[in-house]
Each structure stands twice: as structure tokens, then as C-alpha cells.
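Chemist: Need the 3D shape of this:
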Amino acid sequence: MKKVLLASTALVVSTGFAFADAHTGMSLSGGAVAGFQYDADADDEFVLHTEIDFNVVGSGESDNGLTFGASLDLDLDDTETTAEHSDLEIFVSGAFGTLTIGGVDQAPDPMGFSDVGFDGIGVDDNAEAFRAIGSANLHYSYESGPLTFGVSGSVADGDDSATGDYGVLVGYMAGGIDVQLGLAHDSEGNATLGADATAVSVGVKGSAGDISYSVFFHSADGDALEAQGYGGSLSFANGPMTYTVAAGATDVDGDDADFGVGFKYDLGGGLAVAGGVGSVGNLGEARTVADLGLTMDF
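Modeler: All right, here's what the predicted structure looks like:
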């Protein structure tokens with residue numbers, strides 16, 4: 001089944017190229033990971049994990065200079081027998097910015113800090129849990145020099161529970177430092193935070209020579225719970241090898257701090273070996289986790 005799906009995808013893409021003219025085109029990109037994962041508290045401590053993620057994009061340009069297109073993700077991992085398609089999006093872009101309709105994330109979703117490992121061991125999960133609450137089917141973004149702006153929301157999607165959800169992201173980059181401010185609102189409430197929940201986030205990313213870093217903080221408030229999450233990562237590149245240390249925490253009762261160390265060795269051409277080890281968990285159930293495997297970018 002997997003081979004049939006991939007062959008069909010390749011046919012669709014190659015057909016798009018064959019019939020494309022000067023104003024249209026199709027592209028296929030993506031990645032894959034494969035390796036061993038370890039969880040000290042799982043029934044099967046060691047598992048072999050594989051996952052692929054392909055992104056199919058069709059794009060064109062109108063006579064008046066507008067860029068337009070559509071995209072979707074094809075995802076498959078070792079727990080599935082058929083691929084799932086997700087993030088179906090249609091976009092139009094021009095001097096006014098970019099308008100995207102479909103399976104979009106809330107605007108603050110890109111905020112956060114780096115995890116470690118070939119597939120991520122989860123150091124950042126608790127600290128970033130509420131940064132992009134709510135749902136969205138419409139996203140607008142605009143860039144002007146060092147300033148970026150994005151706003152998202154749920155509009156006429158047939159689900160009254162999502163009406164009123166929105167997100168905002170503002171970013172400013174100067175001197176190699178990127179500062180981001182985010183706001184997300186869930187009108188019906190997050191399952192953990194309760195009704196009428198709002199999250200405010202602040203993130204800073206930057207680099208200096210071979211060192212790169214990211215720092216993140218967010219505060220969320222709902223009818224049932226108030227929570228704060230914070231964390232950061234620090235990476236050092238030495239030739240093809242990059243070493244990373246990351247830590248995150250929340251003030252939710254019973255949550256333990258999460259931390260991990262990892263590495264990535266770039267073999268060139270989009271292939272790398274990566275791994276990490278650390279302690280993650282929640283509600284007093286911290287556990288040792290680790291992974292080691294390959295990453296591929298196509």
C-alpha cells in the first residue's frame with residue numbers, strides 16, 4: 001500500500017511538471033526519519049520508529065503578478081497502514097501579503113524552542129503546550145523589512161465551538177536576533193485550561209558565530225486553570241557536528257522540569273545522524289527517554 005501511494009504521488013507530480021507552462025508548476029519536498037526510541041516507563045522500552053512527511057505544492061502566477069497555489073501534506077509512520085493527508089491549504093500572495101485558507105495553524109504556532117533527538121524526545125512539549133490554543137481556517141501574514149505580522153482565526157467553518165478563536169504573531173529581527181510576541185484565544189476553552197482561554201507568548205531566537213539559542217515563555221489563563229511555561233535551547237556547531245542542550249518547565253502542579261542533550265552530524269545532501277537523551281514527563285511521572293537515528297531532507 002505504501003509503494004502504491006508513493007508511486008501515485010510521483011505520477012501526480014511528474015504529470016504536473018509535464019503540463020506546466022511558464023506561469024504554473026508543481027513541487028514535491030519533504031523528509032523522513034528512522035531510528036530507535038527508548039522510553040524507560042513504556043511496556044516496550046526500545047522501538048524502531050519510521051516516519052515520512054511529503055509536501056505537495058502547486059503554484060502559479062497571474063498576469064497581474066499575484067502568486068497563487070495549493071498544498072497538502074502526506075504523512076505516514078510505522079503505526080499507520082495508509083497515509084494521512086493533512087494541512088490542505090490554498091493561498092494567494094502579493095504586495096499585500098499572503099492569505100492562506102484551509103488547514104492552517106494559529107499564528108503563534110511557530111514560536112518555541114528546539115528539542116533534541118532525531119524525532120524529538122519531547123523536552124519542549126510541556127513548556128509550549130498552550131502557545132497556539134484554539135483553531136483556525138484562515139491565516140494572513142505580511143513582511144516588511146525586519147517586521148513580520150500574522151493573524152489567524154476560525155471563520156464560518158460550520159463549528160460554532162470554534163467561532164471567536166484567533167491568534168496574532170508579531171516579530172522583529174535586528175542584528176541576528178529575532179523577537180516574537182504571540183497571542184492565542186480559544187473561545188470555548190481548552191480541555192485543560194477551561195473555557196474562554198487566552199495565551200500570551202514571548203520568544204527570542206538568535207545566533208552568534210557557531211552558537212545559536214532560543215528562549216521562550218508563555219502564560220495561559222482559562223476558567224479552570226492558569227499556567228505558565230518556559231524553556232530554552234543552546235546549540236554549538238563544530239564543523240558537521242552540532243551539539244544541543246534544551247530544558248523546559250511549567251508551573252502546573254505535579255509537572256517536573258524537562259531537559260535533554262543531543263547531537264546532529266550532517267552527512268551532506270540532506271542526510272544526518274541525530275540523537276538525544278533526557279528526562280521528560282508530567283504530573284509527577286518524569287521518565288528517561290532517548291533516541292538515535294537518521295534524518296533526511298528532500
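
Chemist: Tell me how many other residues surround Gly278.
Modeler: By the criterion of other Cβ atoms under 10 Å, Gly278 has 24 neighbours. Bear in mind the C-beta positions are built from the backbone N, C-alpha and C, glycine included.

Chemist: and the gap between it and Ser207?
Modeler: 23 Å (Cβ to Cβ, to the nearest Å).

Chemist: now the residue most central in space within the chain, nearest residue through space, not along the chain?
Modeler: With distances taken as Cα atoms, centre = their mean, the residue of the chain nearest its centroid is Pro110 (5.9 Å). Nearest residue to Pro110, sequence neighbours excluded (Cβ to Cβ, 6 or more residues apart in numbering): Leu169, at 7.4 Å.

Chemist: correct me, but the one you found touches Gln180?
Modeler: Yes - Leu169 is within contact range of Gln180, at 6.4 Å (criterion: Cβ atoms under 8 Å).

Chemist: quick one on the thing from earlier: so the residue nearest to the centre of the chain, which of the three states?
Modeler: coil (DSSP: H, G, I helix; E, B strand; the rest coil).

Chemist: Which secondary structure state is assigned to the residue of the chain positioned farthest from its centre?
Modeler: Going by Cα atoms, centre = their mean, the residue of the chain most distant from its centre is Asp63, 33.7 Å out. Under three-state DSSP, Asp63 falls in the coil class.

Chemist: Look at it and report its pLDDT.
Modeler: Note on Asp63: pLDDT of 93.

Chemist: I'd like the distance between it and Met241.
Modeler: 49 Å.

Chemist: related to what we said a few turns ago, please tell me how far the residue nearest to the centre of the chain sits from Gly203.
Modeler: Counting by Cβ to Cβ, the gap from Pro110 to Gly203 is 9 Å.

Chemist: I'd like to know which helix or strand in the chain has the lowest mean pLDDT.
Modeler: helix 2-18 (a mean of 36; mean pLDDT, DSSP states H and E).

Chemist: for the following helix or strand past that helix, what is the average pLDDT?
Modeler: Next helix or strand after helix 2-18 toward the C-terminus (DSSP states H and E): strand 24-39. Computed over strand 24-39, the mean pLDDT rounds to 93.

Chemist: send the alpha carbons of stretch 242-262 over as CSV?
Modeler: The C-alpha trace of stretch 242-262 is given here as CSV (Å, rounded to 0.1, in the frame of the first residue of the first chain):
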residue,chain,number,x,y,z
THR,A,242,26.1,20.3,16.2
TYR,A,243,25.5,19.8,20.0
THR,A,244,22.3,21.0,21.7
VAL,A,245,21.1,21.3,25.2
ALA,A,246,17.5,22.1,26.0
ALA,A,247,15.3,22.5,29.1
GLY,A,248,11.7,23.4,29.7
ALA,A,249,9.2,23.5,32.6
THR,A,250,5.7,24.6,33.6
ASP,A,251,4.2,25.7,36.9
VAL,A,252,1.3,23.2,36.6
ASP,A,253,1.0,21.2,39.9
GLY,A,254,3.0,18.0,39.7
ASP,A,255,4.9,18.8,36.5
ASP,A,256,8.6,18.1,36.6
ALA,A,257,11.2,20.1,34.7
ASP,A,258,12.2,18.5,31.3
PHE,A,259,15.7,18.5,30.0
GLY,A,260,17.8,16.8,27.4
VAL,A,261,21.1,16.9,25.5
GLY,A,262,21.6,15.8,21.8
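
Chemist: Quick check: buried residues in that stretch?
Modeler: 242, 244-250, 252, 255-262 (16 or more other Cβ atoms under 10 Å).

Chemist: Show me what the helix or strand harbouring Phe216 pairs with in its sheet, parallel or antiparallel.
Modeler: In the assignment (DSSP H and E), Phe216 maps to strand 211-221. Take DSSP bridges as the rule and strand 211-221 pairs in its sheet with strand 197-208 (antiparallel), strand 226-238 (antiparallel).

Chemist: Can you check which of those gets nearest to Ser114?
Modeler: strand 226-238 (4.0 Å; Cβ to Cβ).

Chemist: what's downstream of the closest one, the next helix or strand?
Modeler: strand 241-250.

Chemist: For Asp178, see how far away the residue farthest from the centre of the chain is.
Modeler: 36 Å.
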